[in-house]
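Undergrad: Build me a model:
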Amino acid sequence: MAASRSSDDLIGGRYRLEGCIASGGMADVWRATDLQLGREVAVKLLRASVADDPVVAERFRREAKSLAKLTHPNIVPVYDCVEEADGQVALVMRLIKGQSLRELLDDAGDHKGPGQISAHLTVHIGTSIAAALAKAHNENILHRDIKPGNILVMKNGEVLLTDFGIAKPLKASDDDGTDLTRVDIMMGTAKYLSPEQVQGRSLDARADIYSLGLVLYECLAGNVPFKGDNDQATAVARLERDPTPLGGLRTDVPSTVISVIHKMLRRRPEHRYNNCNEVVHALDEAMRNLHDAMTPVEGLSPSNVAPPPRTRSAPLDPLMPPKPVRDFSVVSNDNTPQRAPLPPRDQTPRGAPRTRQALPDNRRTNTKRNYIPIALLLTAAAVMSFMLWKGLQDTRSSSLPSAVDNIEVVPVDVAGVKSYDPNGDDRVENENQVGLLLDNNPATQWTTTCYQGRYFGSKAGVGVVVQLTGIGIGQLKANFANGPHSADVFVSTADQIPASLDDWGLRVANSYSTKPGMATIDVTSPARHVLLYLREAGRSTGCSANNPYQSQISDLSFTSAK
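TA: Residues are numbered from 1 along each chain as shown. Below is the predicted model:
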């Protein structure tokens with residue numbers, strides 16, 4: 001009989017249990033120390049009450065086997081699988097120091113219930129998990145339990161899929177053995193089941209797509225679309241009606257994003273996306289309609305899972321940090337997209353491949369004629385490019401900045417601070433308060449005006465500019481007095497503060513947190529001016545019920561790296 005576990009127990013002669021950090025119906029997850037490598041790990045163990053059940057034990061072994069196949073930036077990696085002398089199996093995994101999406105949604109709410117999160121964060125989560133599922137499906141694994149509790153969100157923006165405990169093969173093979181689930185039992189969590197799971201029909205990748213659609217719907221709406229008095233009523237509700245349109249619940253979310261989610265939630269599988277690759281591309285294209293880049297849940301630095309450097313010659317995305325250059329995704333040998341932690345918007349739509357159909361003869365003729373002016377334009381552009389290049393070669397000093405020029409950075413101090421509102425009538429935001437950001441007094445604050453919505457109404461955002469005594473690099477700190485907040489950071493080496501957001505160029509960092517507190521931002525690109533551009537505001541007791549949203553910052557500082 002499998003023994004119950006306690007702290008200081010040694011698993012596999014190598015992993016010392018430190019404390020239980022999560023418990024489920026069948027398994028516990030322990031924080032442990034790998035004594036050989038000296039690192040912290042997570043160890044998943046079946047609970048003693050079910051460990052002797054042969055079906056449960058075999059399902060657990062299959063989970064280990066499934067996870068061992070899945071190497072992907074958005075799937076929690078398994079380091080080891082240990083079977084003890086008493087037959088108990090242990091999964092040794094990466095220890096995730098973050099929170100589940102379930103916890104994030106609950107934290108974002110108030111006393112009225114679960115809260116909503118921003119559209120850009122929702123799309124980031126959606127593309128990350130869709131990419132993870134694309135990898136799993138490519139390895140013949142159907143997850144079947146996509147829900148917020150099985151999605152982990154790191155402080156640096158990584159989004160990870162976990163818990164393949166009830167996964168099953170998409171297609172049966174001799175190696176898979178028998179299916180360990182009964183046809184008369186709905187496997188999964190009632191709120192996140194697909195219609196075909198409820199009906200007990202055969203499943204394919206589109207079942208996971210539906211479940212992910214429910215998760216994204218909840219992220220935006222604050223609740224799942226189907227609820228009943230019990231699990232059975234909740235499950236059956238999706239067979240009787242479609243979800244309430246998201247557009248009426250979140251008017252701030254672009255219709256393109258809403259359309260993708262509703263397509264994922266079509267009752268008939270054949271009306272959804274065919275696979276998760278299509279979901280990734282659809283969300284990526286929809287992202288182009290958002291005004292702001294995706295931000296991590298909390299913190300600023302990019303994930304340590306970095307795709308290879310960009311090799312194509314397309315223009316850099318204006319919302320993408322210049323150093324290091326990171327692609328939206330990389331494609332592995334199996335053509336499965338791997339989701340980078342902080343995805344930028346691409347310049348061109350990347351929808352699913354389309355089959356070109358033959359054109360009628362008259363259409364072909366017109367098309368060929370249309371190519372003529374295009375060819376002339378391209379030729380003219382090439383000539384102009386050569387002339388520009390020739391002129392630059394003949395001129396020792398040019399007024400055009402070079403992308404490869406080295407900018408000397410020097411030790412800098414804060415020379416001043418200004419509010420920034422490029423979309424406002426007077427282009428400033430409570431300028432009379434901005435000096436309070438530098439008084440080192442947490443009791444005083446610079447605040448935005450009060451807004452009806454958390455995303456600053458028709459504005460793309462508002463912010464403050466830190467003016468430096470020279471061109472330098474360093475660390476920006478902002479003490480947010482309320483939450484949540486979402487902010488992008490831009491830099492400029494120009495003598496004057498750029499008049500429009502487009503003039504700032506590339507975003508170099510970002511910050512997102514659901515709670516008040518200090519945000520620390522590494523500014524590694526040379527800057528004379530640093531813009532902290534607020535994208536999302538929290539509720540404020542100093543505002544009216546009609547306009548309840550306001551950003552509040554008590555202190556702002558910049559520490560030079562030299």
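
Undergrad: Name all residues that make contact with residue 428.
TA: Listed by Cβ atoms under 8 Å, 6 or more residues apart in numbering, the contact set of residue 428 reads 418-421. Glycine gets a C-beta too; all of them are placed from N, C-alpha and C.

Undergrad: Can you pull out the low-pLDDT segments for this protein?
TA: Residue ranges of the chain with pLDDT under 70: 1-3, 110-114, 172-188, 289-406, 506, 562.

Undergrad: what helix or strand does the residue nearest the centre of it sit in?
TA: With distances taken as Cα atoms, centre = their mean, the residue of the chain nearest its centroid is residue 124 (2.8 Å). If you go by DSSP states H and E, residue 124 is part of helix 119-138.

Undergrad: After that helix, which helix or strand is next?
TA: Reading on from helix 119-138 to the C-terminus, the next helix or strand found by DSSP H and E is strand 141-142.

Undergrad: outside of that next one, which residues touch it?
TA: Identification of contacts with strand 141-142 by Cβ under 8 Å, 6+ apart yields 66, 69-70, 136, 164, 167-170, 203-205, 207-208.

Undergrad: try 7 Å
TA: Applying Cβ atoms under 7 Å, 6 or more residues apart in numbering, the contact partners of strand 141-142 are 66, 164, 167-170, 203, 205, 207-208.

Undergrad: In the residues you listed, which residue is surrounded by the most others?
TA: In terms of neighbour count, residue 208 stands highest of these at 30 neighbours, by other Cβ atoms under 10 Å.

Undergrad: Now do the SS call for that one.
TA: Secondary structure assignment for residue 208 (DSSP: H, G, I helix; E, B strand; the rest coil): helix.

Undergrad: re earlier: which strands and helices lie in contact with the helix holding residue 124?
TA: strand 159-161, helix 205-221, helix 276-287, strand 337-339 (3 or more Cβ pairs under 7 Å, 6 or more residues apart in numbering; DSSP states H and E).

Undergrad: Those into CSV, with extra columns for distance to residue 197?
TA: What follows is those, written out as CSV (distance: least, Cβ to Cβ, whole Å):
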stretch, distance to residue 197
strand 159-161, 18
helix 205-221, 6
helix 276-287, 17
strand 337-339, 25
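
Undergrad: looking at these, which is closest to residue 118?
TA: helix 205-221 (8.8 Å; Cβ to Cβ).

Undergrad: For the closest one, name the packing helices and strands.
TA: helix 119-138, strand 141-142, helix 255-264, helix 276-287.

Undergrad: could you redo the last one with a cut-off of 6 Å?
TA: The contact analysis (3 or more Cβ pairs under 6 Å, 6 or more residues apart in numbering; DSSP states H and E) places helix 205-221 against helix 119-138, helix 255-264.

Undergrad: taking those together, which one is wrapped up most tightly?
TA: Looking across the helices and strands packed on helix 205-221 with neighbours counted as mean count of other Cβ atoms under 10 Å, the highest average goes to helix 119-138: a mean of 26.

Undergrad: Give me the distance from that one to the chain's centre.
TA: Here helix 119-138 shows a centroid-to-chain-centroid distance of 8 Å under the convention Cα atoms, centre = their mean, to the nearest Å.

Undergrad: swap in stretch 146-159?
TA: Mean C-alpha position of stretch 146-159 versus that of the full chain (Cα atoms, centre = their mean) differs by 9 Å.

Undergrad: Export it to PDB, keeping only CA atoms.
TA: Extracted as PDB, the C-alpha positions of stretch 146-159 are listed here (Å, rounded to 0.1, in the frame of the first residue of the first chain):
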ATOM      1  CA  ILE A 146      -8.600  23.200 -20.300                       C
ATOM      2  CA  LYS A 147      -9.700  25.500 -17.500                       C
ATOM      3  CA  PRO A 148      -8.200  28.500 -15.700                       C
ATOM      4  CA  GLY A 149      -6.900  26.300 -12.900                       C
ATOM      5  CA  ASN A 150      -4.700  24.400 -15.400                       C
ATOM      6  CA  ILE A 151      -3.200  27.600 -16.900                       C
ATOM      7  CA  LEU A 152      -0.200  29.100 -15.000                       C
ATOM      8  CA  VAL A 153       0.800  32.700 -15.400                       C
ATOM      9  CA  MET A 154       4.300  33.800 -14.500                       C
ATOM     10  CA  LYS A 155       5.300  37.300 -13.300                       C
ATOM     11  CA  ASN A 156       7.500  37.700 -16.400                       C
ATOM     12  CA  GLY A 157       4.600  37.000 -18.700                       C
ATOM     13  CA  GLU A 158       5.100  33.300 -19.500                       C
ATOM     14  CA  VAL A 159       1.900  31.400 -19.800                       C
END
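
Undergrad: Give the buried residues for it.
TA: 146-159 (16 or more other Cβ atoms under 10 Å).

Undergrad: ok, those residues vs residue 257, which is closest?
TA: residue 159 (16.7 Å).

Undergrad: quick one: that closest one and residue 126 touch, right?
TA: No: with contacts counted by Cβ atoms under 6 Å, residue 159 stays clear of residue 126, the gap being 9.1 Å.

Undergrad: one step back: so how far is residue 519 from the residue nearest to the centre of the chain?
TA: Remark: distance between residue 124 and residue 519 (Cβ to Cβ, to the nearest Å) = 18 Å.

Undergrad: likewise residue 123?
TA: 22 Å.

Undergrad: do the same with residue 551
TA: Distance from residue 551 to residue 519, by Cβ to Cβ: 12 Å.
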